[in-house]
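Undergrad: I need the structure of the sequence given here:
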Amino acid sequence: MKKLRIYQPQYYKKFNCIGSACKNNCCHSWGISIDKTIYDKYMSLDDDAAVEFREKIAITPQEPFEARILLDEDGKCKFLNARGLCSIQARFGPEYLSYTCMTYPRKFCNVNGETEAFLEMSCEVVSKLILFEQNIMRFENAELESNRSIFHNSTMDASKYTAAGNVYDIFWKLRTISILIAQSRNYRLQHRLMILGIFIKQADELISSERDEEIAELADKFLERLDTGYYDALIKQAPGAIDLEMSFVLGILKDMEEKGQILFCKCFENARKGLGIPLDGGELPDRLSDNYRAYYEMYFADKEYILENYVVSHIFSDGFPFNYRYTDGLVKNYRELLVKYSLVKFLLTGVSRFYMKFDKRKVVECVSSFSRSYDHHVGGALVIK
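TA: Residues are numbered from 1 along each chain as shown. Take a look at the predicted model:
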């Protein structure tokens with residue numbers, strides 16, 4: 001048994017897969033990769049078993065994966081049995097599961113040689129676990145035991161953002177302060193995101209002008225101002241706060257609907273109906289923004305911890321305000337965070353209005369199906385380019 005030191009959110013250790021009881025499980029509607037080690041194990045089985053595997057997988061060599069599992073006409077993994085369970089695990093044991101199947105929804109990232117772990121909200125169990133925790137999200141060091149090597153899904157190359165010698169100290173400082181700002185509950189969440197945007201813009205200017213040594217002082221200044229009410233006057237003067245650009249939000253969601261799964265399409269359709277937005281792309285109703293704000297207050301004013309947890313989870317898992325996927329600057333990464341928050345907020349508000357109540361089950365469906373469509377199919381580059 002191999003042991004690995006990891007840094008993780010405290011919710012990580014509470015996750016338990018519910019298998020076939022999961023309504024929107026991970027064995028359908030997307031690619032399921034097979035790593036080379038497991039592929040070789042499949043091919044070393046007796047002739048009948050090896051033939052079955054060859055019929056149900058496609059060779060797609062792309063390091064560190066060798067193949068992918070084919071889906072049936074309903075979009076389900078061809079190795080699911082009649083009970084909706086994995087026939088590979090049932091016949092051969094968990095040691096024959098591909099790395100993807102063994103670890104999902106867990107993800108591991110390499111940050112300066114250290115491993116960080118988190119859970120993906122495309123899993124309904126994870127969304128439920130993360131979103132409804134009313135206490136502030138905390139993080140901890142832990143020890144992971146595994147009988148297989150851990151593959152890092154992403155590696156943080158902070159040096160692409162700045163040439164400073166203490167680049168990872170800068171990354172840790174920026175991310176820590178970003179999380180603290182997002183969790184400052186003396187402000188409404190939309191105002192916290194405004195403050196975060198100001199912080200990110202000023203930090204980006206310091207890095208661009210090679211004044212990285214001033215980052216720590218900037219961070220301390222923002223924390224101090226959060227506690228003194230410094231931003232109250234600024235928030236009052238802000239025109240419209242986060243007054244969503246509905247056509248922009250709808251355009252992105254429409255594109256995701258075309259690429260997403262059935263459940264996401266249903267969430268989007270119900271959100272539009274709930275807000276009175278024509279499904280045929282016609283003109284937006286009068287006072288849409290005013291009604292939208294009123295509906296949000298009605299259903300979520302006392303439950304902002306839900307979207308707060310979504311935002312903080314994104315900050316941690318994406319390596320914000322840097323990013324694991326691309327390196328186009330802190331402001332662009334902030335923009336993606338704001339876009340994802342706005343899209344999820346729109347879906348949750350519209351769906352709650354459609355059903356005329358706050359429903360935890362619908363919240364989980366919306367967030368998990370959104371994550372499937374956005375994080376696994378559309379991607380941030382499309383949204384913020």
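Undergrad: which of the residues in stretch 267-282 are buried?
TA: By neighbour count with 16 or more other CB atoms under 10 Å, stretch 267-282 contains the buried residues C267, F268, N270, A271, R272, G274, L275, I277. Where C-beta positions appear, they are placed from N, C-alpha and C, glycine not excepted.
Undergrad: May I have that stretch exported as CSV, CA atoms only?
TA: Output of stretch 267-282 as CSV, limited to C-alpha atoms (Å, rounded to 0.1, in the frame of the first residue of the first chain):
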residue,chain,number,x,y,z
CYS,A,267,-32.5,22.5,-16.2
PHE,A,268,-31.9,25.3,-18.7
GLU,A,269,-35.4,25.0,-20.2
ASN,A,270,-37.0,25.2,-16.8
ALA,A,271,-34.8,28.1,-15.8
ARG,A,272,-36.0,30.1,-18.9
LYS,A,273,-39.6,29.2,-18.2
GLY,A,274,-39.3,30.2,-14.6
LEU,A,275,-38.0,33.6,-15.6
GLY,A,276,-40.4,34.1,-18.4
ILE,A,277,-37.8,34.0,-21.1
PRO,A,278,-39.1,32.8,-24.5
LEU,A,279,-37.7,29.4,-25.6
ASP,A,280,-37.7,30.5,-29.2
GLY,A,281,-35.1,33.2,-28.7
GLY,A,282,-37.6,36.1,-28.8
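Undergrad: contacts for it?
TA: Where contact means CB atoms under 8 Å, 6 or more residues apart in numbering, the residues beyond stretch 267-282 that reach it are 246, 250, 253-254, 256-257, 284-285, 288, 291-292, 295, 346-347, 349-355, 362, 365-366, 369-370.
Undergrad: Same check on stretch 219-230?
TA: 173-174, 176-177, 180-181, 184, 186-187, 195, 199, 203, 231.
Undergrad: So which of those residues are in strands?
TA: When DSSP state E is applied, these are split such that none fall in strands.
Undergrad: Just name the closest of these to S159, please.
TA: L174 (14.5 Å; CB to CB).
Undergrad: returning to that earlier point: flag the least confident of the buried residues of stretch 267-282.
TA: Across these, the smallest pLDDT goes to I277, namely 84.
Undergrad: Which parts of the protein are strands?
TA: Here the chain has its strands, by DSSP E, at 2-9, 33-35, 57-62, 65-69, 106-111, 114-119, 139-146, 154-156.
Undergrad: Test my guess that F320 contacts R175.
TA: Yes: using CB atoms under 8 Å, F320 is in contact with R175, at 6.2 Å.
Undergrad: Using TSV, please lay out the strands of the chain together with mean neighbour count.
TA: Shown next, in TSV, are these (neighbours: other CB atoms under 10 Å):
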stretch	mean neighbour count
strand 2-9	15
strand 33-35	21
strand 57-62	12
strand 65-69	20
strand 106-111	18
strand 114-119	19
strand 139-146	12
strand 154-156	17
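Undergrad: For L337, find the nearest of those.
TA: strand 114-119 (15.4 Å).
Undergrad: The biggest helix by length in the chain packs against which elements?
TA: Across the chain, the longest stretch assigned as helix under DSSP state H is helix 330-355. With contacts defined as 3 or more CB pairs under 8 Å, 6 or more residues apart in numbering; DSSP states H and E, helix 330-355 has these neighbours: helix 189-208, helix 246-259, helix 262-274, helix 288-300, helix 305-317, helix 360-373, helix 380-384.
Undergrad: Weed out the non-buried ones from the contacts of stretch 267-282.
TA: Taking 16+ other CB under 10 Å as the criterion, what is buried in the contacts of stretch 267-282 is 246, 250, 253, 256-257, 292, 295, 346-347, 349-354, 362, 365-366, 369-370.
Undergrad: any chance of the strands of the chain in TSV, plus mean pLDDT?
TA: Listed next are those as TSV, based on pLDDT from 0 to 100:
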stretch	mean pLDDT
strand 2-9	90
strand 33-35	88
strand 57-62	81
strand 65-69	84
strand 106-111	92
strand 114-119	94
strand 139-146	90
strand 154-156	86
